[in-house]
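Undergrad: need a 3D model of the sequence below.
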Amino acid sequence: MGFTELARMRYSVRDYSDEPVSDADLEKIIEAGMLAPTGKNNQPQRIYVIRSPEGIAKARSLSKMAFNAPVVLMVSYKKDEAWVCPFNGRTIGETDVAIVSTHMMLKAAELGLGTCWIGYFDAALFAKEFDVPEDEQVVHLMTLGHPSEKAEPTKMHFESKDPSEVVRYL
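TA: Numbering: from 1, shown residues only. Next comes the predicted model:
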């Protein structure tokens with residue numbers, strides 16, 4: 001499957017089967033994240049794999065957006081390792097995490113697994129409850145698992161603005 005087809009078929013899964021994610025698939029997904037470029041190759045990302053019964057129960061109690069996924073990835077960056085742009089002082093950590101997560105999300109889709117990128121959660125609460133060091137910034141969660149038989153893309157998945165609304169040629 002080519003990249004465009006993969007990108008087109010991938011959607012946000014909000015209902016998962018009980019089938020566990022294999023260690024082999026999880027390793028491939030993490031490897032894809034590790035291949036992602038980061039600012040000055042500093043690799044500030046930290047990937048927390050939440051999949052123990054206790055961890056999943058805690059994630060579900062902290063966010064309704066954890067759905068019933070058998071794995072939740074909590075992705076953060078180490079603040080002192082993220083590259084800082086000298087022109088404006090902007091820390092690139094969130095961008096690094098987004099690139100890493102996109103690589104993992106697309107690898108999961110290639111493997112037939114589903115994901116959902118979660119931004120609607122209390123990052124400080126997750127950091128506290130999962131003992132994330134204070135020098136890290138939790139950016140988002142990503143649910144991961146086998147889509148259930150009833151999982152399907154939302155209607156909005158197929159809606160897109162016209163390129164003339166978002167693309168400018170200079």
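Undergrad: can you name the element that comes right after the longest strand seen in the chain?
TA: Across the chain, the longest stretch assigned as strand under DSSP state E is strand 136-145. Next helix or strand after strand 136-145 toward the C-terminus (DSSP states H and E): helix 163-166.
Undergrad: contacts for that next one?
TA: Where contact means C-beta atoms under 8 Å, 6 or more residues apart in numbering, no residue beyond helix 163-166 reaches it. For the C-beta atoms, the positions are set from N, CA and C on the backbone; glycine is no exception.
Undergrad: not counting sequence-adjacent ones, nearest residue to residue 136?
TA: Residue nearest to residue 136 in three dimensions, not counting chain neighbours: residue 76, with 4.4 Å by C-beta to C-beta, 6 or more residues apart in numbering.
Undergrad: tell me which residues form a beta bridge with that neighbour?
TA: Residues in a beta bridge with residue 76, per DSSP bridges, are residue 46, residue 138.
Undergrad: I figured it was touching residue 134, is that so?
TA: No. The pair residue 76 / residue 134 is not scored as a contact, 11.1 Å apart, by C-beta atoms under 8 Å.
Undergrad: neighbour-wise, which of these two wins?
TA: Neighbour count, other C-beta atoms under 10 Å: between residue 76 and residue 134, residue 76 has more, with 24 against 8.
Undergrad: what ranges do the helices span in this protein?
TA: In the chain, the segments counted as helices under DSSP state H are 3-9, 23-34, 53-62, 93-110, 123-129, 163-166.
Undergrad: which of those sits most buried?
TA: Ranked by average neighbour count under the criterion mean count of other C-beta atoms under 10 Å, those are headed by helix 93-110 at a mean of 20.
Undergrad: report the angle between that one and helix 23-34.
TA: 140 degrees (axes from the mean of the first three to the mean of the last three C-alpha atoms, to 10 degrees).
Undergrad: next, the angle from helix 93-110 to strand 136-145.
TA: Using the same axes, to 10 degrees: helix 93-110 against strand 136-145 is 10 degrees.
Undergrad: tell me which residues are up against helix 93-110.
TA: Against helix 93-110 from outside (C-beta under 8 Å, 6+ apart): 1, 6-7, 9-10, 25, 28-39, 42-45, 47, 73, 75-79, 81-83, 114-115, 117, 137, 139-140, 142, 144.
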